[in-house]
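*Asks:* what would the 3D arrangement of this be:
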Amino acid sequence: MKQYLFTIILTATITFALSWVVWQLSLRFKLYPGIRERDVHTTPTPRLGGVAIFLGIATAIGVSAANPFFETLWIPPQTMWSVLCAALLIAVIGVIDDLIDLDWMIKLGAQFLAAGIITVWGGMQILSLPFGEMILFSSWVSIAVTMFAIVIVMNAVNFIDGLDGLVAGVCLIANSVFFAYSYIVSRDIGATTYFNLSTFLAAALIGACIGFLPWNWSPARLFMGDSGALVMGLLMATSTVVLTGQWPASALDPEEFGRSQLLGAFIPILLPIVVVMLPLLDFGLAVFRRMRAGKSPFSPDRKHLHHRMLDLGHRDRDAVLIFYAWTAVISLALLLMYIGTREDWPGQYWIGAIFGAIGVAACLVVTLMPSRRAAAADAPSIESPTSASAPTEAPDRETLEPR
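*Replies:* Predicted structure coming up:
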């Protein structure tokens, strides 16, 4: 655990320091886009924070090569090299897009190339999934499923980047829960290279989020842009793939794995998906909505989940905090259910279920309840009799490429 804490602190420190450097250089050389019609911020804001995020994570990966504790991560060496090269490719493409707006086909092609580097060269694939009985994938099916899964998660994380601190905070919470989960799992079934890699990547992402969030918190001085959101999505997808897709069949057998309930056999597969459920939900709704309208799935609009929160009357910070709450409640509930299926806490999965039910109910109430500020704005004004009939519009936000 100490080595993982060191990784978190190191990545956070490097990311925080480099974020200041990127911020200063961006202001000095005017490396930021102009204000667009749909933007909320009123002053040009740099969106190259992803450079600091990538370099912070890359530093942690480089230091791990000299740390005997992480020696298994580099056996074979192409495992870590594939992660680093794929992240570098996405970071470079993201920076170019943040500066000159690349065509979406070029970005999508680069995303599939990065996913191919991780899947083919790195050998990290979803080998099987439990549907009734264990379904084993052939090599080509495994590669295709894994590549699509990585690309989907990358874009899902990028799609929710529409409010100050939203992606950094949601990823911080999701990766913290995933870190705890993967650490417990590695102790349950025995540490392996893949499980250690999953925990390591989660720790590096936690550090990157901690280091970047102070610069991105409202009012943001620095945006992570595509270079940051896509790199985070790539690494979150990779850590999920190497954990979910490498489960041995015996680990899904309640008797062999010491499970008190059959539910425990499926939670290891569900929890890595649940921690990114919010971005996946927003991504799925956006793709369905746009394709139904005959548009490209990557065409921008103002109907993302965070836009709907603003339309309900929530202020920016309130909406971000509500997203944090949703992420924490859902992921923690399933983590508690997983812990409740282990031998040392048998049959206590209901604690997680109760926590989740209460938490979801509370989040629903807060989400659907308009803020007092919105209610006051909608109230008739004595000084302006016509104000009651004038619709109140939430400020337009950036959509597909918000940062």
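
*Asks:* where do the strands sit along the stretch 1-150 of the chain?
*Replies:* 128-131, 133-136 (DSSP state E, counting those that start in this stretch).

*Asks:* same deal with the stretch 201-350 of the chain?
*Replies:* Going by DSSP E, counting those that start in this stretch, the stretch 201-350 of the chain shows no strands.

*Asks:* what residue lies at the spatial centre of this protein?
*Replies:* C171 (4.3 Å; CA atoms, centre = their mean).

*Asks:* touching, that one and M236? I think so.
*Replies:* Yes. If you go by CB atoms under 8 Å, C171 and M236 touch, sitting 6.9 Å apart. C-betas here are computed from N, CA, C, even on glycine.

*Asks:* between those two, what contacts are shared?
*Replies:* Common contacts of C171 and M236, defined by CB atoms under 8 Å, 6 or more residues apart in numbering, comprise V157, L205.

*Asks:* poorly predicted segments of the stretch 101-250 of the chain, please.
*Replies:* 129-136, 189-195, 245-250 (pLDDT under 70).

*Asks:* that older thread, ok so the residue nearest to the centre of the chain is a helix residue?
*Replies:* Yes. Counting by DSSP: H, G, I helix; E, B strand; the rest coil, C171 is part of a helix.

*Asks:* got the contact list for it?
*Replies:* V157, L205, C209, M232, M236.

*Asks:* okay, it and A208: tell me how far apart.
*Replies:* 8 Å (CB to CB, to the nearest Å).

*Asks:* can you read off the pLDDT for the nearest residue to L281 once chain neighbours are set aside?
*Replies:* The shortest distance from L281 to any non-neighbouring residue, by CB to CB, 6 or more residues apart in numbering, is to L305 (7.2 Å). pLDDT recorded at L305 is 78.

*Asks:* residues in contact with L305?
*Replies:* Counted by CB under 8 Å, 6+ apart, L305 has contacts I160, L278, L281, D282, L285, F323.

*Asks:* about what we covered before: compare the contacts of C171 and tell me which has the most neighbours.
*Replies:* M232 (33 neighbours; other CB atoms under 10 Å).

*Asks:* doesn't G49 make contact with that residue?
*Replies:* No. In this structure M232 lies outside contact range of G49 using CB under 8 Å: 10.9 Å.

*Asks:* any common contacting residues for these two?
*Replies:* Contacts common to M232 and G49, judged by CB under 8 Å, 6+ apart, are M224.

*Asks:* list the buried residues for the helix ranked longest in the chain?
*Replies:* Taking DSSP state H as the criterion, the chain has its longest helix at helix 2-28. Of all the residues in helix 2-28, those buried under the rule 16 or more other CB atoms under 10 Å are 4, 6-8, 10-12, 14-16, 18-19, 22-23, 26.

*Asks:* and that helix, what does it pack onto?
*Replies:* helix 49-65, helix 193-216 (3 or more CB pairs under 8 Å, 6 or more residues apart in numbering; DSSP states H and E).

*Asks:* among these, which is nearest I118?
*Replies:* helix 193-216 (11.1 Å; CB to CB).

*Asks:* ok, N216 touching G225?
*Replies:* No. Using CB under 8 Å, N216 makes no contact with G225, being 10.6 Å away.

*Asks:* quick one: buried residues of stretch 212-219?
*Replies:* F212, L213, W215, N216.

*Asks:* now for A203: which residues touch it?
*Replies:* By CB under 8 Å, 6+ apart, the neighbours of A203 are Y4, L5, T7, I8, T11, A60, F179.
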